[in-house]
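J.: need a structure here:
(chains A, B, C and D)
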Protein chains: 2
Amino acid sequence: MTLAELYPVLQELPAALRSRLTDAVQPMTVPAGTVLFDERQPCQGFPFVLTGSIRVVKLAANGRELPLYKVLPGESCIITSSCLLGHADYNARGVTESDTTLVLLPRALFDEMLDVSAFRDFVFDLFAERISELMQLVEEVAFLKLDQRLANLLLGKGRQLHTTHQQLADELGSVREMVSRLLKGFADQGLVRLGREQIEILDPSGLRKIAS
Amino acid sequence: MTLAELYPVLQELPAALRSRLTDAVQPMTVPAGTVLFDERQPCQGFPFVLTGSIRVVKLAANGRELPLYKVLPGESCIITSSCLLGHADYNARGVTESDTTLVLLPRALFDEMLDVSAFRDFVFDLFAERISELMQLVEEVAFLKLDQRLANLLLGKGRQLHTTHQQLADELGSVREMVSRLLKGFADQGLVRLGREQIEILDPSGLRKIAS
DNA sequence: GGGTCAATGTGACAATGGTTACTGAACCAG
DNA sequence: CTGGTTCAGTAACCATTGTCACATTGACCC
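T.: The predicted structure follows:
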């Protein structure tokens, strides 16, 4: 997929800007696990993800992480937008989840592109969308118990999933032992069947009831 | 203060829109404690607060609340913006904290005003600003212990504060007993002096160390 | 088969926060 | 002054989550 295909809004830019974009900017590929940006860093530019994905997380003092969201190809990074618009530093960390190809739109060019209403609307819409995701996250973290959050997480991953307990714990910002314990509970209730790196959801509606 | 003084961006609207604004819309005054909007409700319009304030909270299943932010005169409500832009329903509750005068800009007029770049930028900037506040909140709720959050809260309120433990608990989304317990601890360490509806901060740097 | 490593199971324990159920102290209205 | 109301202090208890320290299991490679 090309940049223009993934981010069709770019085709609505005036030709002059568009050519400056293709001139000034070239895709780069970074390996999995690269820290693209981090807390307290100034924001360098706006990423367009072509392949792979970026995991955006908040770091706790004790080293644990709380996943905020992911940026997939065609999507955008609300925190970067916010930093660029507010001229503030990052307040989260962005790490490539897998090998990732992306185009980094420099800050100056981003500012210019914001003068184009189509692009502004693009960023704006994504803002609105992500806000409600963040609200959802706040709600989960503040109010739901771990079993509810785990049930939610499982339900969002299809009937048959291939992960380790550690990975699930990471996605919840918790620890493996808790996930193992809760999954055991789910299995005892006949909600899931467990196997090594394997979880089969037997009773989605039962899980939904737990997630309530 | 008039609407135009509190929200100077409105003066940059074309005269036609401005007169339609003053025609179509009149300030209303609502008593303290009025629920202006609530979860799962469609968004009716964009509020400009003239006097008083709106408290925006997330509701827990058990009736407790997590305060997200407040809208003071001259400020804006990011959740409302987000709902209007994304054509989604509210995902939080807005309650007047005191008797409040506000102008409710109807959705249709809001949409039209978004075509004006000055207004769009106004909303945009506020978005960026609030996002980092929300990130801050996520971090607090997810990572900090209650004593740290309480210390933070106290530090943000000046040397000498006049509140009840209950009010502090509400602002933290916790309960009075916990606040009493923690304040007692702070007092034992000589960080604060307690009185009825009265807390005097004796050692701000000590509190900051707890808030770490 | 045996060794090795990652993934998982598990039990005891600690820390945190919330709940219940009081008591006492200050304040205010009559 | 009195009785009621709000605010604050406190102790016992419980639920949830996290921590530690292992034991076990399965996969895979020689």
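J.: Report the helix or strand with the lowest average pLDDT across chain A.
T.: Lowest mean confidence among the helices and strands of chain A (mean pLDDT, DSSP states H and E): helix A:117-143, at a mean of 87.
J.: Just the angle for that one relative to helix B:117-143, thanks.
T.: Here helix A:117-143 points in a direction 20 degrees away from that of helix B:117-143 (axes from the mean of the first three to the mean of the last three C-alpha atoms, to 10 degrees).
J.: what comes up buried for whichever helix or strand comes after helix A:117-143?
T.: The first helix or strand that comes after helix A:117-143 along the chain, using DSSP states H and E, is helix A:146-155. Neighbour-count burial for helix A:146-155, with 16 or more other C-beta atoms under 10 Å in any protein chain shown as criterion, is recorded at A:146-155. The C-beta positions use only the backbone N, C-alpha and C, and glycine is treated the same way.
J.: do the same with stretch A:188-195
T.: Buried residues in stretch A:188-195, counted by 16+ other C-beta under 10 Å: A:191-192.
J.: Pull the contacting residues for A:L72.
T.: Residues counted as contacts of A:L72 (C-beta atoms under 8 Å, 6 or more residues apart in numbering or on different chains) are A:49, A:53.
J.: ok, A:F48 touching A:L102?
T.: Yes - between A:F48 and A:L102 there is a contact under C-beta atoms under 8 Å: 6.2 Å.
J.: Could you check the least confident helix or strand of chain A against chain B for contacts?
T.: Yes - using C-beta under 8 Å from any C-beta of the partner chain, helix A:117-143 reaches chain B at A:117, A:120, A:124-125, A:127-129, A:131-132, A:134-139, A:141-143.
J.: what does stretch A:167-184 give?
T.: Yes - counting by C-beta under 8 Å from any C-beta, contacts between stretch A:167-184 and chain B involve A:G173.
J.: what does stretch A:1-20 give?
T.: No - judged by C-beta under 8 Å from any C-beta, stretch A:1-20 stays clear of chain B, getting no closer than 15.4 Å.
J.: Neighbours of the closest residue to A:T100 other than its chain neighbours, how many?
T.: Nearest non-adjacent residue to A:T100, counting by C-beta to C-beta, 6 or more residues apart in numbering or on different chains: A:G52, 2.9 Å away. When neighbours are counted by other C-beta atoms under 10 Å in any protein chain shown, A:G52 registers 19.
J.: Report the contact partners of A:G52.
T.: Residues in contact with A:G52 (C-beta under 8 Å, 6+ apart) are A:32, A:73, A:96-102.
J.: Output the residues you listed as TSV; include the columns pLDDT and secondary structure.
T.: Formatted as TSV, those follow (pLDDT from 0 to 100; DSSP: H, G, I helix; E, B strand; the rest coil):
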residue	pLDDT	secondary structure
A:A32	90	coil
A:P73	96	coil
A:T96	94	strand
A:E97	90	coil
A:S98	89	coil
A:D99	92	coil
A:T100	95	strand
A:T101	96	strand
A:L102	95	strand
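J.: By neighbour count, which of the residues you listed wins?
T.: Scoring the contacts of A:G52 on neighbours with other C-beta under 10 Å, the highest-scoring entry is A:T100 at 24 neighbours.
J.: my read: that one touches A:T29, true?
T.: Yes - using C-beta under 8 Å, A:T100 is in contact with A:T29, at 7.0 Å.
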